[in-house]
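Kindly return the folded structure for what I paste below:
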Amino acid sequence: MLSIPKLYLGLPHQGSYGIVIITLVISPVFVPASPASAQQTVLTLREAEFRSRWEGPQEDRIAAPQYFEPGGGLDDESANSKKNVAAEAEPGCEEYLDNMAENIQRGLRFGPLDFKLGLANGWEYSSQNSFGGDTGFNNSNSFFSAPTVGIFYEREVGVWNVSARYGAGYRYYYNPDYTAAGTGNQRNPLSMTGGVDIAYNTSRIFVNLNASASSGTGYDPVAGANNWQTTSSGGLSIRYIISEEFSTGGAISGTYSNTADAQVAPGDTAQPNSNSLNAGASFFTDYMVTPKINLRFVLSAGEDLQDFEGGISQGRRYFDAMLMLTYQIAPKLSVDAGGGAGYVLDQNIPDPEYTGLRPVYNLGINYTPTEKTYFKAKFGMQGADVKPNFSLVAGWDAREKTRLSLSVYQNQGFSSLSPDEYNLTRGILGTVTQRLIKGISLSVSAGYEQSEYLSLTSEKLNNPVEGPTSYWLANASLYWRFREWLGWQNTFQLSTGQGDSDQLQTTFSTSLNLTF
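The predicted structure is shown next:
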């Protein structure tokens, strides 16, 4: 029986404004990890704030459920418990409603195709509008309705495995003067996310095709303004097992991103629309020295391109060669380290500062004792990086009713505000979720992020546009799940003011949520 390493397509860079800039990294992980930990991605404070008003399931990525799911993900167990109790109870009004909801859910399933519908009705308050201005009685609050839809497809046939996901939501504010989420077509937040994974696995050949997309509006704390962000990405990886010791393969990937309709405060400098196209390819060869030690040689190349409204374009091209070693310390604990040389070329950047031959390296540790407990840390510099990147994502079910998550990160990419600049962000975001009593959960989150701009040219930039240097937030969410299909959500948040405001922003929302 061949011992088969697993192949993962890493996305270590987070570009400016939520734009994902891909540097292709194929990590030599050759001991199975749990699905949750293997696919867990780092949730940044920027993403958490930008998506804070997105309704419905977010299916383009896997991030800490404590932040985006009602009850921090703990309400699922509570719902199942209540469902079992209801099944044993005498028929009554509640049981009749449960049966009716179950019939609706059953009617939304068509074999491997599953539809999920939702509707939230509630009220929201904000001390600031989308430009950071103070609000009065007439424009500080509004009732809202938010319909959602989720579509899921999963099927396994022989050596083929197909999974597809889609989620969308729309929040409509009934008060036309309430503009905390934006103005114009951004006043009522709209979001759409989706993902597709196709796998073909035999005893020697492993092929994985994946694609994801997201589009929506929100407040971007790095830009200091509301905008509309759209991102789509895809990747293909192939692995061939030559013998018990040797294997080889390659991967390609690409991402297109668009940032548009930035809504800055009156009198502030306008922010141009920008497009980003990033592509990467790599080839690798593995040699399993022992059942616990794996060596991998990787050749990779890629290009990051950016285009601003008005015809300004620029890019960075890179070529890397690395030798990586993975050591499996224990069945659920591994470390990897690698180093090599890279070469970077800039396009349309005058007198470039970060080009030429330079060292590349990568260090990492993966610890996954259970499906819901994981620790993943990475530190390295490769691809088009100008500074080292690092990331840490961890989750821990401290007790049956207590769940913790943590993200620590530093990432970089082209600035979407000015040409010839890189945006470097570093931050921390943590969440604690506690089930108080059956059906009632409390989640508390806090985070801080700094933003730094690095010139890619040795020439002096003429009045570069830069966003706020830092942003923080703290929030608490109380969720009461009455039934499997009915819940009450209450969220309070305190954060840095929007735009150029030097006042703190306070928001509160309460809603009754139906889910079928």
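
for the residue nearest to Asn138 when sequence neighbours are not counted, helix, strand, or coil?
If you skip the residues right next to it in sequence, Asn138 has Asp177 as its closest partner in space, 5.4 Å away by C-beta to C-beta, 6 or more residues apart in numbering. Backbone N, C-alpha and C define where each C-beta goes, glycine included. Using DSSP: H, G, I helix; E, B strand; the rest coil as the criterion, the local structure at Asp177 reads coil.

Hmm, Ser140 and Asp177 touching each other?
No: the pair Asp177 and Ser140 does not pass the contact test of C-beta atoms under 8 Å, sitting 9.1 Å apart.

Settle it for me: which of the two has more neighbours?
The residue with the greater number of neighbours, taking Asp177 and Ser140 and applying other C-beta atoms under 10 Å, is Ser140; the counts read 19 against 14.

Could you check how far that one is from Gly132?
Counting by C-beta to C-beta, to the nearest Å, the gap between Ser140 and Gly132 amounts to 14 Å.

What of Trp396?
As it turns out, when the distance is counted by C-beta to C-beta, Trp396 lies 36 Å from Gly132.

And Leu404, how far from Tyr287?
Leu404 sits at a distance of 38 Å from Tyr287 (criterion: C-beta to C-beta).

out of these two, which sits in the more crowded spot?
In terms of neighbours (other C-beta under 10 Å), Leu404 is the more surrounded of Leu404 and Tyr287; the figures are 18 against 14.

So what pairs up with the more buried one in the strands?
Taking DSSP bridges as the rule, Leu404 bridges to Trp396, Val432.

any idea whether Glu49 is helix, strand or coil?
When the structure is split into helix, strand and coil by three-state DSSP, Glu49 lands in helix.

change the start of the numbering to 49 and stick with it
All right, first residue 49 from here; so that's Glu97.

nearest residue to it other than its sequence neighbours?
Closest residue to Glu97 in three dimensions, ignoring its sequence neighbours and counting by C-beta to C-beta, 6+ apart: Pro269, at 5.3 Å.

Now the closest residue to Thr558 other than its chain neighbours. Its backbone dihedrals?
Counting by C-beta to C-beta, 6+ apart, Asn538 is the residue found nearest to Thr558 once chain neighbours are left out, at 4.7 Å. With angles defined as degrees, to the nearest 10, Asn538 sits at phi -130, psi 120.

measure Asn538 to Val441 for me?
According to C-beta to C-beta, Asn538 and Val441 sit 27 Å apart.

So which of those two has more stuff around it?
Between Asn538 and Val441, Val441 has the larger neighbour count (other C-beta under 10 Å), namely 21 against 15.

Go through the helix or strand hosting the more buried one and flag the buried ones.
Assigned by DSSP states H and E, Val441 falls within strand 437-447. Using 16 or more other C-beta atoms under 10 Å as the burial criterion, the residues of strand 437-447 that qualify are 437-445.

Hmm, Thr307 is touching Gln354, no?
No: counting by C-beta under 8 Å, Gln354 is not a contact partner of Thr307; they are 10.2 Å apart.

between the two, what contacts are shared?
Shared contacts of Thr307 and Gln354 (C-beta atoms under 8 Å, 6 or more residues apart in numbering): 322, 464.

What values do phi and psi take at the residue nearest to Glu97?
On the backbone of Pro269 - angles per degrees, to the nearest 10 - the values are phi -70, psi -20.

What residues does it make contact with?
93-94, 97-98, 497, 515-516, 519, 544.

For stretch 298-314, C-alpha coordinates in CSV please.
Extracted C-alpha coordinates of stretch 298-314, given in CSV (Å, rounded to 0.1, in the frame of the first residue of the first chain):
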residue,chain,number,x,y,z
GLY,A,298,2.0,20.7,-10.4
ALA,A,299,-0.6,23.4,-9.9
ILE,A,300,-1.9,26.6,-11.5
SER,A,301,-4.2,29.2,-10.1
GLY,A,302,-5.6,32.7,-10.8
THR,A,303,-7.6,35.4,-9.2
TYR,A,304,-9.5,38.4,-10.6
SER,A,305,-10.5,41.1,-8.2
ASN,A,306,-12.4,44.4,-8.5
THR,A,307,-12.8,47.3,-6.0
ALA,A,308,-15.3,49.9,-7.1
ASP,A,309,-17.7,52.6,-6.1
ALA,A,310,-15.7,53.9,-3.1
GLN,A,311,-18.0,56.3,-1.2
VAL,A,312,-15.7,58.8,0.5
ALA,A,313,-16.9,61.7,2.6
PRO,A,314,-17.6,65.0,0.8
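
any idea of the mean pLDDT for that stretch?
Regarding stretch 298-314, the rounded mean pLDDT is 92.

So which bits of it are buried?
Neighbour-count burial for stretch 298-314, counted by 16+ other C-beta under 10 Å, picks out 298-307, 309-313.

low pLDDT regions in the stretch 299-448 of the chain?
Using pLDDT under 70 as the threshold, the predicted model of the stretch 299-448 of the chain has no low-confidence range.

beta partners of Thr279?
Ser262, Ser305.

do you know how far it is from Ile397?
Computed with C-beta to C-beta, the distance linking Thr279 and Ile397 is 24 Å.

cool, and Val312?
26 Å.

Then Gly272?
Between Gly272 and Ile397 the distance, using C-beta to C-beta, works out to 25 Å.

give me the element Ile397 is part of.
When the helices and strands are read off by DSSP H and E, none of them contains Ile397.

wait, what's in contact with it?
362, 364, 468, 504-505.

Neighbour-wise, give me the winner out of those.
Note: the member of those with the most neighbours is Arg364, at 27 neighbours, neighbours being other C-beta under 10 Å.
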